[in-house]
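[1] let me see the structure of the following:
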Amino acid sequence: MNLDLLCKQVIEISEEVGSFLLSQDLSLEDIEEKSLNNLVTHVDKHAEGLFVSQLKELVPEAGFIAEEGTGSPSNDGFNWIIDPLDGTTNYIHQIPFFCTSVALIKNNELILGVIHDPNHEHTFHATKGGGAWLNSRTIQVSANKKLQSSLLATGFPYDDFGREDAYMELLKDFTKNTRGIRRLGSAALDLAYVAWGKFDSFYEYGLNPWDVAAGLLIVKEAGGTCSGFQLEGDPLFGEDVVASSKDIHDQILATIKRYFPDIQA
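    Just a heads-up that it's a prediction; the model follows:
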């Protein structure tokens, strides 16, 4: 498998889907609520169909792990992990911070990731061992070594409120002991911005594989570190993620541990 060629093909598909997203106008009647605060539109569903139909042609044997349930996963070998529209709430409210996210795994190992931001014409991409890229230039995580001078990104779960008290205490701690925290509403783009060196770290719980898969590979290929809220935690199929430059990752985890001492890896 030629990963470089495959990545170029996925970028082309992502750009096509991104153009489709920008071309659509939504009304209130177009919005559905899958569960509490978990919104979906016909745009999400159609965009996912565009991805699945074309990705099938590129790797016919691959299964699909997709947010809207199109296709079915394979028990072994290759699987595409797709979020056709990460940042749906932003999209609905016409806030220009959303993206498409596509990753390919082989036996649960990430080997390709593409995140496309159609509003800014930014395409973040990586293949295993090939470095991380924004359009045609390489990117790296921040060189910052101190938590106190770090800018963090986070998100707030929309339907998992069992740990909100500890999470708010953690937020207060980071607010006092970092340069600031941003909550922009797209986990995939938050991870891409960590890889780009704009954020020093991103952390969140209550996530799904399609929210983070492509971003995790891009961060790693940009020289960053990814884990769960514990270092040995699985950031891809677990529910919590920390992605950082290597020099502050342990500092982030040490702070999280004060508020989530018993979290399971």
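
[2] now do the helices in the stretch 151-265 of the chain.
    Along the stretch 151-265 of the chain, the stretches classed as helices by DSSP state H, counting those that start in this stretch are 164-177, 187-195, 209-221, 246-259.

[3] next one: the first one to chain centre, how far?
    Offset of helix 164-177 from its chain centre (CA atoms, centre = their mean, to the nearest Å): 22 Å.

[4] elements contacting it?
    strand 151-154, strand 180-182, helix 246-259 (3 or more CB pairs under 8 Å, 6 or more residues apart in numbering; DSSP states H and E). Every C-beta, even on glycine, is put in place using the N, C-alpha and C of the backbone.

[5] for the second one, which positions count as buried?
    What it means is strand 180-182. For strand 180-182, the buried set under the neighbour-count rule, 16 or more other CB atoms under 10 Å, comprises I181.

[6] which helices and strands sit right next to it?
    Other helices and strands packing on strand 180-182, by 3+ CB pairs under 8 Å, 6+ apart, are strand 151-154, helix 164-177.

[7] convert the last one to CSV, retaining C-alpha atoms only.
    As requested, the backbone C-alpha atoms of helix 164-177 are provided in CSV (Å, rounded to 0.1, in the frame of the first residue of the first chain):
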residue,chain,number,x,y,z
GLU,A,164,-18.4,17.5,35.9
ASP,A,165,-17.5,18.6,39.4
ALA,A,166,-14.0,17.2,39.2
TYR,A,167,-13.7,18.5,35.6
MET,A,168,-14.7,22.0,36.7
GLU,A,169,-12.1,21.9,39.5
LEU,A,170,-9.5,20.8,37.0
LEU,A,171,-10.5,23.7,34.7
LYS,A,172,-10.1,26.2,37.6
ASP,A,173,-6.6,24.8,38.3
PHE,A,174,-5.5,25.1,34.7
THR,A,175,-7.0,28.6,34.5
LYS,A,176,-4.9,29.7,37.4
ASN,A,177,-1.7,27.9,36.4
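
[8] excluding chain neighbours, what is closest to D117?
    C99 (4.6 Å; CB to CB, 6 or more residues apart in numbering).

[9] re earlier: what's the most buried one of the helices and strands packed on helix 164-177?
    strand 151-154 (a mean of 21; mean count of other CB atoms under 10 Å).

[10] can you list the strands that that strand pairs with?
    Its sheet considered, strand 151-154 pairs with strand 180-182 (parallel), strand 201-205 (parallel) by DSSP bridges.

[11] give me the residues contacting it.
    Residues from elsewhere that reach strand 151-154, judged by CB atoms under 8 Å, 6 or more residues apart in numbering: 171, 174, 178-184, 190, 193-194, 198-204, 252.

[12] let me see the mean pLDDT of it.
    On average, the pLDDT along strand 151-154 is 98.

[13] can you check stretch 67-78 too?
    Stretch 67-78 comes out at a mean pLDDT of 85.

[14] ditto for stretch 110-121
    If you average the pLDDT over stretch 110-121, you get 98.

[15] export it as PDB, just CAs?
    In PDB, the C-alpha atoms belonging to stretch 110-121 read as follows (Å, rounded to 0.1, in the frame of the first residue of the first chain):
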ATOM      1  CA  LEU A 110      -3.100   4.500  13.100                       C
ATOM      2  CA  ILE A 111      -1.400   4.800   9.700                       C
ATOM      3  CA  LEU A 112      -3.000   7.700   8.000                       C
ATOM      4  CA  GLY A 113      -4.900  10.800   9.100                       C
ATOM      5  CA  VAL A 114      -6.500  13.800   7.300                       C
ATOM      6  CA  ILE A 115      -8.300  16.800   8.900                       C
ATOM      7  CA  HIS A 116      -9.700  19.300   6.500                       C
ATOM      8  CA  ASP A 117     -10.900  22.800   7.600                       C
ATOM      9  CA  PRO A 118     -12.800  24.200   4.600                       C
ATOM     10  CA  ASN A 119     -13.300  27.600   6.100                       C
ATOM     11  CA  HIS A 120      -9.500  28.400   6.200                       C
ATOM     12  CA  GLU A 121      -8.400  26.000   3.500                       C
END
